[in-house]
Every structure is written in C-alpha cells, then in structure tokens.
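Q: need a structure here:
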Amino acid sequence: MLDLKYIREHPEEVSDRLASRDADYIQVIERLLSLDSTQRELKTELDELRKQRNELSRQIGKLMKQGDVQAAQESKQVVAEVNERIEIALAEFKAVDSQCQHLLAELPNLPDISVPVGGEESRELVKEWGEPPRFDFQPRDHVQLARELNLVDFPAAARVTGSGFQFFVGQGAVMQRALINLMLEVHVSRHGYVEMRPPFMVKESSAFSTGQLPKFSEEMYHVFVPLSQTGYGSTVQPHYYLIPTAEVPVCNYFREQILEQPNFPLKFVAYSPCWRVEAGHYGKEARGLMRVHQFEKVELVNICAPEQSAGSLETITEEAEHILELLQLPYRRALLPSGDMGFAAAKTYDLEVYAAAMDEWLEVSSASNTLDFQARRAGIRFRREPGAKPEFVHMLNASGVALPRLLIALLENYQLENGNVRIPQALLKYFGGIKYLSPPENPIPFFD
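A: You can find the predicted model right below:
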C-alpha cells in the first residue's frame, strides 16, 4: 500500500508515475486527496470538540465544589450537545476514512524511476544467455511428446476435474519431482535460502497484503468451510483462498510483527502447488501446459532493509537464472515497462526460456521488488537498534522457477529424432541411471 502522507506531499509526482500504469489512476488520486482533506478537517473539528468537552468537564467539577448546582447542570447540558456533535463528526470521520482506505487499496505500487514507461511494446531486453537449439528434423511439440512418452495425461484430468488440469504420469511425475528437488537443493545449499513448507490456503487479509486482493479476486479459487465444521456457536463462515503462488503465505510469515535488529537479508524458498483461474485464454495459447489452473512452483522471497532492495533484485534474478543455466536452457531477461508490471511491483524482470517446437520464448519467472508496498499492507517492520523507530522492511519475490513452461522447454529442446527426450545432466541423479525419456515398456492406457 502506498503511504498517504507521501501522496499528500507529492501529488503531481504520484499522479504522473501511476498514470504511466493507467491514466485512470489520476482521478483516483484526485478523489483520494479530496477525501483526505475532508478527513483532516473532521479530525481538527473532533480535536476541538473533545478539547471543549474536557474544559466543560473541568468547569463542572469546579462548579459542583462551589455548590453552584444550577450552573453545573447548564454546563452538563452543553456537554451533552457537544457529545452529540462529536458522535456525528466521528461517524463522518469513520465513513471518510473507510473511503480513503478503499481507494488506497485500489492503487498499485509506484513504478521505479528506472522502469521504462509504456505497455508491453516498451519491454527492454537486458540479457540473453545460450543459443536456441536447431534440428535437422521436424520437432514435436510438448503435447505430442507428453502423449507419446506417457508423461502427461490431459484428457484424464479433464474427466476428473476439468480442462486446465493434468495428470503427470510415470517419468513425467519423476521429472516434476526432480525439478523441484533440484531447485530447492540449489537455492538452499548454494544461495543460502531457508526452506519453508507453507500453508496452501490463506485468509483474505494475507492475500490483501501481497496485492492479490482486491484486484484479482476473480482470478483466485475461493474455499468456503460449512458452518457445521467451524465449532459450536460459530456464526461466521470461514473464507479462504487457494494460493496462486507461495509468495502469499511466505511474505505474510512476519505479518504485524516488528523484527528486532534482524540479520538482513532474510531469504526463504518454498515449494507449493499453485492455483489460478486463468480465464479467457483459448486456442494455441491455452494448449497443453501453456495455461493451466493448477501447477507447481518454487518461490523465492527476500526480506531486507530499504537500502538493500535494489541490489537484492539483481541477486534474486540471477539466482533464478542459475537454475536455467544448470538445465542448459537458452533464456533472456526483460525489464518490464510501467504498464506491464504486476500490481505490487515497483520493478520487475521477466525470465523467458526458448521452446524449440513452438519457436517462442516462454515466461518461467518474474522477479519483482515491491519496496515497502507489501510490508505496509502486512504491517512488517524492523528496528535497526534497540529503541529505534520502526521502519517498514522491503520485500522481493521471484519464481525460482515455475514448472509448466519449464517442462515445455525441456521436452521440446532436448528431444531426439527418434521421439525420445534426453534428460539434462543436472537431473540425471534423480532418475536412477536413466538418461532418456522413452516410451515405457508397459504404458498406462491414455484415453482421449
């Protein structure tokens, strides 16, 4: 969440920077500042009324001591009138404050000054690594390879759950597990992360803290628990959200806490399944593993002091890139422009891997610096020394990395003319001596 005091003191700067995301935010800022002005006027009125009440109360005490009961009663009547005015002003103040908080919740983070202005067309390519593979045969796409090698069964998942889901079978399931283990081991042993296994559901307040709510409510899966399961006497139906990324629970780990002289940066890595509605995508863009409702991901979270966050973004991005380099996958890094960033991000790098059969670059990671935006929503602060004024931490996150499109690239880039797929060197230790994905001797039946 943005700092209202900063908006009040720098209205033109805030409006200009948010307008680089969407020009409609200018009107939101104007409305917010108008409400803020009204709220401060009401606060002044309340302070004056409370001061008047206190003075009258002291007068009543003196009058009672002096025995002037009539004058005391008259002052009590004035106090009653002041109390009525306080109640009215307080109700107005709370209503305006609620509107201010609602508008603040709708505002995204301010784009960093280093971020290019514009939409997707303004993306800046800042790094390329590796050479895309070239074949002297017609490469199969990942859907065909997954079918022929008995790796992923899409029709079965559609029958069991619905479109956008998948069964990983046999060596396909082993590949998922191998990739997860590789990422966790590298990020823990080489990059110094602390591994977490977080809850896979969160409360509304946690999803709000990281910026998923209220903007992306329709893109999240909601979970309602029947009242009969909540305990005797409960009248409130619990409402949870399935996480769209482990970023949500991990970033809320210290919510509403003050860290005392922490040893920054605090680095956490977490594996989780993820759920996203991904509505409105059809055809080639939604084929196979391109856009799915449930997938798996390893997430990186970095919590640091404000002066560390710019450098931490470069580090966390390089740590995600290291996984792609271990897998020998050609990738590129792009700096996202202001109009193409996530809601909570001040600066974001996207990592894209090349998929040979699709002949496309596929996003497998976004690394973002949210500055103190998420920390303000979650109430996470720290003290540099005992007794010092608490400051908001800075928070960063990156996919380290997401599996569906990573698997697309691995299958399509490592395929052989005979239809087998070579297993990358970095994953061989998880396959018990097997060097190629090939059709199983006793395949499980796949039905269309």
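Q: measure residue 170 to residue 112 for me?
A: Per CB to CB, to the nearest Å, residue 170 is found 45 Å from residue 112. Bear in mind the C-beta positions are built from the backbone N, C-alpha and C, glycine included.
Q: go through this structure and flag its longest helix.
A: helix 25-66 (DSSP state H).
Q: so which elements touch it?
A: The contact analysis (3 or more CB pairs under 8 Å, 6 or more residues apart in numbering; DSSP states H and E) places helix 25-66 against helix 4-9, helix 11-19, helix 69-106.
Q: change it to 6 Å
A: Judged by 3 or more CB pairs under 6 Å, 6 or more residues apart in numbering; DSSP states H and E, helix 25-66 is in contact with helix 11-19, helix 69-106.
Q: now name the helix or strand holding residue 354.
A: strand 347-355 (DSSP states H and E).
Q: partners of the very next helix or strand once past that strand in the sheet?
A: Next along the chain after strand 347-355, taking DSSP H and E as the criterion, comes strand 360-369. When pairs are called by DSSP bridges, strand 360-369 turns out to pair with strand 347-355 (antiparallel), strand 394-402 (antiparallel).
Q: list the contacts of the strand holding residue 354.
A: Residues from elsewhere that reach strand 347-355 (CB atoms under 6 Å, 6 or more residues apart in numbering): 112, 115, 132, 317, 320, 329-336, 341, 361-369, 408-409, 412.
Q: find the residue at the geometric middle of the protein.
A: residue 210 (4.8 Å; CA atoms, centre = their mean).
Q: tell me how far it lies from residue 320.
A: Going from residue 210 to residue 320 by CB to CB gives 18 Å.
Q: before we move on, back to that, deepest of the helices and strands packed on helix 25-66, which one?
A: Most buried of these, by mean neighbour count (mean count of other CB atoms under 10 Å): helix 11-19, with a mean of 16.
Q: same for that helix, what does it pack against?
A: Using 3+ CB pairs under 6 Å, 6+ apart, helix 11-19 sits against helix 25-66.
Q: could you check the angle the helix it packs on makes with helix 69-106?
A: For helix 25-66 against helix 69-106, the angle by axes from the mean of the first three to the mean of the last three CA atoms, to 10 degrees is 160 degrees.
Q: how about stretch 152-161 as CSV, C-alpha atoms only?
A: Extracted in CSV, the C-alpha atoms of stretch 152-161 (Å, rounded to 0.1, in the frame of the first residue of the first chain):
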residue,chain,number,x,y,z
VAL,A,152,1.2,-36.2,-19.0
ASP,A,153,-2.5,-37.1,-19.4
PHE,A,154,-4.7,-34.1,-20.1
PRO,A,155,-7.9,-35.9,-21.1
ALA,A,156,-7.9,-37.9,-17.8
ALA,A,157,-7.6,-34.7,-15.8
ALA,A,158,-10.4,-33.1,-17.7
ARG,A,159,-12.6,-36.1,-16.9
VAL,A,160,-11.7,-36.0,-13.2
THR,A,161,-11.6,-32.2,-12.6
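Q: contact partners of that stretch?
A: 146, 165, 166, 167, 168, 169, 172, 446, 448.
Q: now the second one: phi and psi?
A: Dihedral angles phi and psi of residue 165 (degrees, to the nearest 10) take the values phi -120, psi 170.
Q: next, count neighbours for it.
A: For residue 165, the neighbour count with other CB atoms under 10 Å is 17.
Q: return the residues in contact with it.
A: Residues near residue 165 by CB under 6 Å, 6+ apart: 157, 293, 294.
Q: reformat the strands paired with strand 360-369 as a markdown table; add distance to residue 5, mean pLDDT and mean neighbour count.
A: Converted to a markdown table, the strands paired with strand 360-369 look like this (distance: least, CB to CB, whole Å; pLDDT from 0 to 100; neighbours: other CB atoms under 10 Å):
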| stretch | distance to residue 5 | mean pLDDT | mean neighbour count |
| --- | --- | --- | --- |
| strand 347-355 | 23 | 98 | 24 |
| strand 394-402 | 18 | 97 | 28 |
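Q: check the gap between the spatially closest residue to residue 38 that is not a sequence neighbour and residue 42 for me.
A: Spatially, and ignoring its direct neighbours in sequence, residue 38 is nearest to residue 96 (5.4 Å; CB to CB, 6 or more residues apart in numbering). Residue 96 is 6 Å from residue 42, where distance means CB to CB.
Q: what of residue 58?
A: Distance, residue 58 to residue 42, using CB to CB: 25 Å.
Q: neighbour count: these two, which is higher?
A: Legend: neighbour count by other CB under 10 Å for residue 58 and residue 42, higher for residue 42 (19 against 11).
Q: in its sheet, what does the host helix or strand of residue 299 sit against?
A: Secondary structure from DSSP H and E places residue 299 in strand 294-304. Partner strands for strand 294-304, per DSSP bridges, with pairing direction: strand 266-275 (antiparallel), strand 394-402 (antiparallel).
Q: pairing partners for residue 240 in the sheet, please.
A: Legend: beta-bridge partners of residue 240 under DSSP bridges are residue 203, residue 223.
Q: how many other residues sit next to it?
A: By the measure other CB under 10 Å, the count of residues near residue 240 is 18.
Q: separation between it and residue 201?
A: Distance check for residue 240 against residue 201: by CB to CB, it reads 4 Å.
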